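Colleague: Below: sequence and its predicted model.
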Amino acid sequence: MVDNKLCKILSFFEYFFAFLIILFGFYLRYKAYSANLSFWVDEEAVLLNSQNIFEGIEPFWHGLKSEHLSPFLLLLGRLVYKNFSYNEMAFRIIPLTASIITLPLFFLLLKKIVKTKFIALIPLLFVSINSVVIFYSQYFKFYISDFLWSVLIAIFIFNIKSLTIRNTVLYAVIAFILSWFGHSPIFYLSGISLCILIKLLFSKNDREIWIKYLIFCIPWFSAACFYFYQVVNNKTEYREYLYKYWNNFVGGNFAPQNINDIENLIFYHTGSYTDYHTVVLWFIIALSGLFIMLKRDNLKTLCFISPIFIMLIFAYLGVFPFLERQTLYLMPIWLIVSTKSIDFIDWKSLNQYLVVIPVICFCMLFYIFKNYDISYVNDIIYNPNYFRMSTAKEFYPFLIKDYKPDGHHLIYSCGRDASLRIYDVFNKIINFDDAEEINDFDTFINNPKADNKIIHIYLMDYPFIGTKSSEIYAYIQKNCVIIKEISDDKGKYLMFRKK
C-alpha cells in the first residue's frame, strides 16, 4: 500500500516536471519563431522551386526540380501561399506546429519504453532545448516534420499488440498516408517491412500471417514507388543538383567515412564535443541500451532502429546523404537507445547484479556532458537575431530605392543572404547578374567585376553561425569611398565604391 502510494507520488512529480520541460520547450520555440527573421537561402530555394505548385499550375505530388518537399508539405504550402503569399511567419507556422506536437508525443514514447522514474526526463529536456531542433522549428524545411513522423511511427511500433485483419488494414491505410509525408516514413516503413519479412522467412507461419503482411506492405510500397518515380526519378535536375551539392560539401561521400565524420554526427545529435575516446564511450552506451531493448522485444526494437540501416544503405549507394541535418529524424532513436542504458529497473529485472551496467553508463554520460554549454538558451530568449541566417528582408527595401539594373551597380548578397530572390519575385527589379551570391567578401571585392561599380551591402551580425560584418565594415571604411550609409535597429546599409 505504501509502495503504491509512493509510486503515485513519484509519477505525479515525473509528469509535472515533464510538463514544465515541455512548456519551456514551447517557450523557446515561440521566442525563435516570434523573431520573424528573413527567409534565408535554403527556404528561398524551396519556395521558388515550389511556386508552380503553390499557384496550382502543377499538382502537389509533382515534385521539384532542384529541391525537395514531400507532397504533404507542398499541399500545406499551397494553402499558406494562397492566403498569405510569401509571408515568413505564415510558412513557418508549419514547422513550429510540428515541433510543438513532437514534444508531448516524444514523452509518451519515452514512457512506453523507459521504465525507471524520471530517467525519461533527460532525453525530453535535451530535445526541448536542443539548438538544432529549435533552429529547424522556425524555418520552412522538412526536417522537423520528418522528426515528428519518426516519433509517431515509433509510438505505433511499441503499441501494436495484436494484428487482426481489421487492425492490419488500419495500419496499412496509415502507412499509405504517411508514405506521402516525407523521407522518414519511407525509411521507417522500408525497415519495418524488411524486419518482419526476415522474421517470417525464418519461422513457421500460416497463410493468414502472409496475407496480413501483404495487406500492410502493398499499399505503402506502391505509393513509395510512385513517389520515387514521380518526385525523384523524373526530376533529373534535382538529382544532379543534390549530387553536386553534397559532393562539394562532403568531398563526394554520402556516408560517414572516418572517425571525424562520426564525431560530427554525434555532435550534431547531442551537442557534445567528441574525440576518439568519447566516441568509444558513446558506442558502449548505445550498445548497452540496444542490448536491453533487444532482450525485451527484439522485433520491435529492430523495427525501431531499422531506418538507420536503411538510410546507411542508401547513403553508401550514393542515393541519399547520411549526414548532419538529413539524419535529424534519427535523433529519437539515438536518444532512446542511449537512455535505455541507464534504465535501472529494466536491468535489475533481468538480473540484480546487472545494475552495475546502468551505473557505469551513467558515469560515462556524466563524463561526456560535464562541460556541456547551454548558454545559447539565454541567447534564444534574449537575442531575437540569434538564429538569423539572412538580412534579405531588411536589405531589399534599400535596394528598391537605390539599385538600378543599368550595369553600374553590384549587390553583395553572398551565401545565406542570397534569399533576396524571394523578395524580388514579384517586383523583378534586380538583375541577378549584378548580385554576388557565391564568393566570400574578400574574393568579391578583389574581383575586377567590382571595379568602377556602385556596390550595395547590408551588414549584420549572425550569432548562430558567426560573422565578419565588423571586419567588412572596417575594410570598407579604410579602402573604399562610402556614398551612403544608413544604420537601423537591425544593421547597417552601405553604398560604396572601390578607391
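Modeller: On my side now, so go ahead. Numbers count the residues shown, from 1 in each chain.
Colleague: need the contact list for Trp220.
Modeller: 172, 175-176, 178-179, 189 (Cβ atoms under 8 Å, 6 or more residues apart in numbering). Quick note: C-beta positions are derived from backbone N, CA and C, even for glycine.
Colleague: can you rerun that using 7 Å?
Modeller: 175-176, 179, 189 (Cβ atoms under 7 Å, 6 or more residues apart in numbering).
Colleague: hang on, it in a helix?
Modeller: Yes - under DSSP: H, G, I helix; E, B strand; the rest coil, Trp220 sits within a helix.
Colleague: Report pLDDT for it.
Modeller: For Trp220, the model assigns a pLDDT of 85.
Colleague: Repeat that for Ser306.
Modeller: Taking Ser306 on its own, its pLDDT is 93.
Colleague: One more: Val232?
Modeller: Looking at Val232, the pLDDT reads 60.
Colleague: May I ask which two of the contacts of Trp220 are separated the most?
Modeller: Based on Cβ to Cβ, the longest span within the contacts of Trp220 runs between Phe176 and Leu189 and measures 9.4 Å.
Colleague: which one of these two has more residues nearby?
Modeller: Leu189 (25 against 18; other Cβ atoms under 10 Å).
Colleague: pLDDT check: weakest of the contacts of Trp220?
Modeller: For the contacts of Trp220, the pLDDT minimum is Ser179, 83.
Colleague: so how far is Leu200 from it?
Modeller: Between Ser179 and Leu200 the distance is 21 Å, computed by Cβ to Cβ, to the nearest Å.
Colleague: between the two, which one's more packed in?
Modeller: Between Ser179 and Leu200, counted using other Cβ under 10 Å, the more crowded position is Ser179 (25 against 14).
Colleague: May I have the residues that are in contact with that one?
Modeller: Counting by Cβ under 7 Å, 6+ apart, the residues that Ser179 touches are 185-186, 189, 220, 223-224, 227.
Colleague: and these, which of them are in helices?
Modeller: When these are checked against helices (DSSP state H), the matches are 185-186, 189, 220, 223-224, 227.
Colleague: circling back: please produce a markdown table containing the contacts of Trp220, extended by secondary structure.
Modeller: As requested, those are exported to a markdown table (three-state DSSP):
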| residue | secondary structure |
| --- | --- |
| Ala175 | helix |
| Phe176 | helix |
| Ser179 | coil |
| Leu189 | helix |
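Colleague: of those, closest to Val80?
Modeller: For those, the nearest to Val80 is Ser179 (22.8 Å; Cβ to Cβ).
Colleague: and the nearest residue to Lys199 once chain neighbours are set aside, what helix or strand is that in?
Modeller: Nearest non-adjacent residue to Lys199, counting by Cβ to Cβ, 6 or more residues apart in numbering: Leu299, 5.9 Å away. Using DSSP states H and E, Leu299 sits in helix 298-316.
Colleague: one step back: for the contacts of Ser179, which two are the farthest from each other?
Modeller: Farthest pair in the contacts of Ser179, by Cβ to Cβ: Leu189 and Tyr227, 11.4 Å.
Colleague: for the helix holding Leu299, which positions count as buried?
Modeller: 300-308, 310-315 (16 or more other Cβ atoms under 10 Å).
Colleague: in the stretch 101-250 of the chain, which spans are helices?
Modeller: Assignment of helices within the stretch 101-250 of the chain using DSSP state H, counting those that start in this stretch yields the ranges 121-129, 131-136, 143-159, 165-178, 183-201, 207-227, 236-250.
Colleague: Could you dump those helices into TSV and include distance to Phe283?
Modeller: Shown next, in TSV, are those (distance: least, Cβ to Cβ, whole Å):
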stretch	distance to Phe283
helix 121-129	18
helix 131-136	21
helix 143-159	22
helix 165-178	31
helix 183-201	21
helix 207-227	32
helix 236-250	22
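Colleague: For these, which has the smallest mean pLDDT value?
Modeller: Looking at those, the bottom one is helix 236-250 with a mean of 59.
Colleague: what's in contact with whatever helix or strand comes next after that helix?
Modeller: Of the helices and strands lying after helix 236-250 in sequence (DSSP H and E), the nearest is helix 259-270. Applying Cβ under 7 Å, 6+ apart, the contact partners of helix 259-270 are 132, 256, 272-274, 276, 279, 282, 324, 327, 331, 334.
Colleague: Swap in 6 Å and give it another go.
Modeller: 256, 274, 279, 282, 324, 331, 334 (Cβ atoms under 6 Å, 6 or more residues apart in numbering).
Colleague: Output it as PDB - backbone C-alpha positions only.
Modeller: The C-alpha coordinates for helix 259-270 follow below in PDB (Å, rounded to 0.1, in the frame of the first residue of the first chain):
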ATOM      1  CA  ILE A 259      36.200   8.900 -37.200                       C
ATOM      2  CA  ASN A 260      35.800  12.700 -37.900                       C
ATOM      3  CA  ASP A 261      32.600  12.100 -39.700                       C
ATOM      4  CA  ILE A 262      31.300  10.100 -36.800                       C
ATOM      5  CA  GLU A 263      32.300  12.800 -34.400                       C
ATOM      6  CA  ASN A 264      30.500  15.400 -36.400                       C
ATOM      7  CA  LEU A 265      27.300  13.300 -36.400                       C
ATOM      8  CA  ILE A 266      27.500  12.800 -32.600                       C
ATOM      9  CA  PHE A 267      28.000  16.500 -32.100                       C
ATOM     10  CA  TYR A 268      25.100  17.300 -34.400                       C
ATOM     11  CA  HIS A 269      22.800  14.900 -32.500                       C
ATOM     12  CA  THR A 270      24.000  15.500 -28.900                       C
END
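Colleague: and Ile192, how many neighbours does it have?
Modeller: 26.
Colleague: ok so, going back, Asp343 versus the residue nearest to Lys199, what's the distance?
Modeller: The value you get for Leu299 to Asp343, if Cβ to Cβ is used, is 19 Å.
Colleague: now Asp488
Modeller: 53 Å.
Colleague: Between those two, which has more neighbouring residues?
Modeller: Asp343 (25 against 12).
Colleague: mind listing what that one touches?
Modeller: Contacts of Asp343 by Cβ under 6 Å, 6+ apart are 114-116.
Colleague: who wins for neighbours among the residues you listed?
Modeller: Val114 leads these on contacts (other Cβ under 10 Å) with 23 neighbours.
Colleague: which ones among the contacts of Asp343 are found in strands?
Modeller: Taking DSSP state E, every one of these sits outside strands.
Colleague: Trp334 and Ile266: what is the separation?
Modeller: 9 Å.
Colleague: which of the buried residues of helix 298-316 lies closest to Phe72?
Modeller: Using Cβ to Cβ, the buried residues of helix 298-316 come closest to Phe72 at Pro307, 18.2 Å.
Colleague: Is it possible to get TSV of the ones in helices among the contacts of Ser179 that adds distance to Trp61?
Modeller: Listed next are the ones in helices among the contacts of Ser179 as TSV, based on distance: Cβ to Cβ, whole Å:
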residue	distance to Trp61
Pro185	15
Ile186	14
Leu189	18
Trp220	15
Ala223	10
Ala224	13
Tyr227	8
